[in-house]
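Visitor: sequence plus the predicted model coming up.
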Amino acid sequence: MNFYLDAFLTFSKIGAFTFGGGWAMLSLIEKEVVQKKKWLSEEEFVDTIAIAQSLPGILAVNTAIFIGYRLRKIKGSLVCFFATTLPSFVIILLIAMFFTQYKDNPTIISIFKGIRPAIVALIAVPVFNTAKTAKITWKTAIIPITAALLISFLGVSPIFIVLAAIVGGIIYGRYFDKTTKTEKP
């Protein structure tokens, strides 16, 4: 099958059948791109997520763009972008057109209440899988937990958290991490 058609079908399927946003989509993207299609290794996928998270925009869309670019440069990134976003756009358009007349319907309300717990699981799975692949331990989990607490309860701007992480990473890599040091001849 043509790569572009295969990528379009893969990412549009993910875009059409995932509830819960970017993190929920990541487990499906990983299953398709890493496990089924073997377009990327697990390490490459985690690196892609790290880059996608550092940029503004929707995590799953950024991830799809990077995967497409890695595989087929600009054309690949465009195909993956449109495939990921088109189903959501169409679904949101249809909801906007027809949902207002059904928004108070008890059955519709029950359906959305039932979807909520499933979305939590869809978000939790890729977080744990990414943590495993990135070799995050309980000791290193202190960093994201502390960041989340600082943002949630003390109102610290995420920008300061990112800047502190950059500085901390540079200091750690330069002075404490023996695996990143190269021996000089």
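Guide: Thanks, I have it.

Visitor: what about the strands in this protein?
Guide: Here the chain has no strands by DSSP state E.

Visitor: which stretches of it aren't confidently modelled?
Guide: Low-confidence segments of the chain, defined by pLDDT under 70: 19-21, 179-185.

Visitor: how does it divide into domains?
Guide: 3-133, 137-185 (automatic domain parsing).

Visitor: highest mean neighbour count out of those?
Guide: Stretch with highest mean neighbour count among the domains of the chain: domain 3-133 (a mean of 16; mean count of other C-beta atoms under 10 Å). Quick note: C-beta positions are derived from backbone N, CA and C, even for glycine.

Visitor: got the end-to-end distance for that one?
Guide: End-to-end distance for domain 3-133, by C-alpha to C-alpha, to the nearest Å: 27 Å.

Visitor: quick one: that domain to chain centroid distance?
Guide: Offset of domain 3-133 from its chain centre (C-alpha atoms, centre = their mean, to the nearest Å): 7 Å.

Visitor: ok, now stretch 147-155?
Guide: Distance, centroid of stretch 147-155 to centroid of chain: 21 Å (C-alpha atoms, centre = their mean).

Visitor: show me where the chain has helices.
Guide: For the chain, helices defined by DSSP state H occupy the ranges 3-16, 22-30, 42-53, 59-98, 106-133, 142-154, 158-175.

Visitor: which other helices and strands does the first one contact?
Guide: In this structure, helix 3-16 packs against helix 22-30, helix 59-98, with contacts taken as 3 or more C-beta pairs under 8 Å, 6 or more residues apart in numbering; DSSP states H and E.

Visitor: show me what the first one is packed up against.
Guide: Pointing back at helix 22-30 there. Using 3+ C-beta pairs under 8 Å, 6+ apart: helix 22-30 touches helix 3-16, helix 42-53, helix 59-98, helix 106-133.

Visitor: ditto for the last one
Guide: Helix 59-98 is packed against helix 3-16, helix 22-30, helix 42-53, with contacts defined by 3+ C-beta pairs under 8 Å, 6+ apart.

Visitor: tell me which of the helices of the chain sits nearest to Lys36.
Guide: helix 3-16 (8.5 Å; C-beta to C-beta).

Visitor: can you list contacts of that closest one?
Guide: 25, 28-29, 32-33, 37, 60, 64, 68, 71-72, 75-76, 79-80, 82-88, 91 (C-beta atoms under 8 Å, 6 or more residues apart in numbering).

Visitor: ok, the closest residue in space to Gly15 that isn't next to it in sequence to Phe153 distance?
Guide: Spatial nearest neighbour of Gly15, chain neighbours left out: Pro87 (4.0 Å); criterion: C-beta to C-beta, 6 or more residues apart in numbering. Counting by C-beta to C-beta, to the nearest Å, the gap between Pro87 and Phe153 amounts to 37 Å.
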